[in-house]
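Participant: with the sequence up front, the predicted model follows.
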Amino acid sequence: MKFDYVRPVVFALVLVGAGSGPPALADALLTLSPSLTEVSDLITVAGNYPAVNSAPFLTPAGTGYDGVALLLIHRTDGDYYCTGALIAPTLLLTAAHCLSNTAGEMITTRVDASFYPAGGATVVVTATSGFLVDPSYDGAVVSDYDVALVRLPESPGSWADVYGLYEGVVTDDPYTVVGFGRRGDGATGTQTSSGLRRQGFNTFDFFYSPGVLMSDFDNGIAVNDASCYFGPSFCNLGLGLLESSTAPGDSGGPVFFGNQIVAITTFGASIGSPPDVDSKLNSSFGELDGFVYIGYNEDWIDSNVPEPSLDPLAALALAAMLAAARKRRAGRNALT
């Protein structure tokens, strides 16, 4: 299935009769806003515990994820863990809410980015400035613009992976999400603290808005298939034992199609039981994960990526390539 972000599905129009099931997602998110605000940095892989401590959920150094960093973010209201990924040697992509308060105001004073190279000690790069938040972000829990960048004073090293941004069509093919958040079992939710890098697997189920993609955490039982409550075309029982969700500490972490970033983690939601197995917002089966679609924010991101140093001929060649890419992107966005 292909998803068309030019013509997103409007889920506020999905009506569920009284007593027949959970409300439409838009209504549920409004109802849950206070709870979601408290856990807006709720994001990491919560797969099948304790299997989450072994392959294929682990991400050993040297296997393509050495550009994904654990972020210890020092803010005026406390210290928080998030996740970020390099999109240039000295530029990290993460979530705006990691750096801002609920009004969208920047309150970060320092970011310690920890990288884990193969065969070496942890590398920590500290930034005390260079924090950029998408100017359209207003602090809302569910936002098309929950995107931020952190400029590092230096590269962690030539070994660190740098990721491109996905420019293809979003589909329901399996994706890989990477983060340093809590881990646990889908039956009981998250159980342990943040701090270890893991990967998980799932598929996008629908666009909530032009810039927000949604997935659910399936256990293979129809009554716990959260996306199915919004229409039969979204019913899917998941990926079996590979099915994963997100949990606290994964905010800002990359979601990959191949080795390119298609989205970043932004929030979690529960619409009650059923489909949620325990009616708690704790990364258990039957919950929903929200991701900011990078394609919707690509122009702002691109405008802040530093240009590489090039000789004049190479610069002209790069300019021609970028112009051709913009034409292809414009043509793709015009499709109906």
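Facilitator: Done, it's in. Residues are numbered from 1 along each chain as shown.
Participant: where in the stretch 101-250 of the chain is pLDDT low?
Facilitator: Residues of the stretch 101-250 of the chain that meet the criterion pLDDT under 70 lie in 192-195.
Participant: now the strands: where do they sit in it?
Facilitator: All strands of the stretch 101-250 of the chain, identified by DSSP state E, counting those that start in this stretch, fall at 108-115, 123-127, 131-133, 148-151, 164-165, 170-171, 175-179, 184-185, 189-190, 198-202, 206-209, 212-216.
Participant: list the buried residues in the first one.
Facilitator: In terms of neighbour count (16 or more other CB atoms under 10 Å), strand 108-115 has its buried residues at 108, 111, 113, 114, 115. (C-beta placed from N, C-alpha, C; glycine too.)
Participant: turn the strands of the stretch 101-250 of the chain into TSV, including distance to residue 82.
Facilitator: Formatted as TSV, these follow (distance: least, CB to CB, whole Å):
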stretch	distance to residue 82
strand 108-115	9
strand 123-127	13
strand 131-133	12
strand 148-151	9
strand 164-165	19
strand 170-171	23
strand 175-179	9
strand 184-185	19
strand 189-190	16
strand 198-202	15
strand 206-209	21
strand 212-216	18
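Participant: which residues touch stretch 77-86?
Facilitator: 41, 43-44, 67-73, 92-95, 98, 101, 107, 113, 150, 156, 160-163, 178-181, 194-195, 248-254, 261, 264-265 (CB atoms under 8 Å, 6 or more residues apart in numbering).
Participant: which of those residues fall within helices?
Facilitator: The helices, defined by DSSP state H, take in residue 98 from the contacts of stretch 77-86.
Participant: buried subset of the contacts of stretch 77-86, written for ChimeraX?
Facilitator: The ChimeraX selection below is limited to those of those classed as buried (16+ other CB under 10 Å):
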select :41,43,44,67,68,69,70,71,72,73,92,93,94,95,98,113,150,156,160,163,178,179,180,181,194,248,249,250,251,252,253,254,261,264,265
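Participant: can you give me the domain assignment for the protein?
Facilitator: With domains defined by automatic domain parsing, the chain comprises 1-305, 310-336.
Participant: can you count the residues close to the closest residue to residue 306 other than its chain neighbours?
Facilitator: Leaving aside its sequence neighbours, residue 306 sits nearest to residue 88 (CB to CB, 6 or more residues apart in numbering; 5.9 Å). If you count neighbours by other CB atoms under 10 Å, residue 88 ends up with 18.
Participant: likewise for residue 143?
Facilitator: For residue 143, using other CB under 10 Å, the count is 24.
Participant: how about residue 267?
Facilitator: Residues near residue 267, counting by other CB under 10 Å, number 29.
Participant: got a pLDDT number for it?
Facilitator: Model confidence at residue 267, given as pLDDT, is 90.
Participant: please name the nearest non-neighbouring residue to it.
Facilitator: Spatial nearest neighbour of residue 267, chain neighbours left out: residue 290 (4.3 Å); criterion: CB to CB, 6+ apart.
Participant: buried sites along stretch 230-247?
Facilitator: Buried, per 16+ other CB under 10 Å, within stretch 230-247: 230, 234, 236, 238, 243, 244, 245, 246, 247.
Participant: show the end-to-end separation of that stretch, please.
Facilitator: 23 Å (CA to CA, to the nearest Å).
Participant: same check, this time on stretch 142-158
Facilitator: OK, stretch 142-158 end separation, CA to CA: 36 Å.
Participant: how about stretch 177-197?
Facilitator: When the termini of stretch 177-197 are compared using CA to CA, they are 11 Å apart.
Participant: now residue 191. Nearest residue, chain neighbours left out?
Facilitator: For residue 191, the spatially nearest residue (CB to CB, 6+ apart) is residue 184, at 3.9 Å.
Participant: just how off-centre is the strand or helix carrying residue 80 within its chain?
Facilitator: Secondary structure assignment for residue 80, by DSSP states H and E: strand 78-88. Here strand 78-88 shows a centroid-to-chain-centroid distance of 11 Å under the convention CA atoms, centre = their mean, to the nearest Å.
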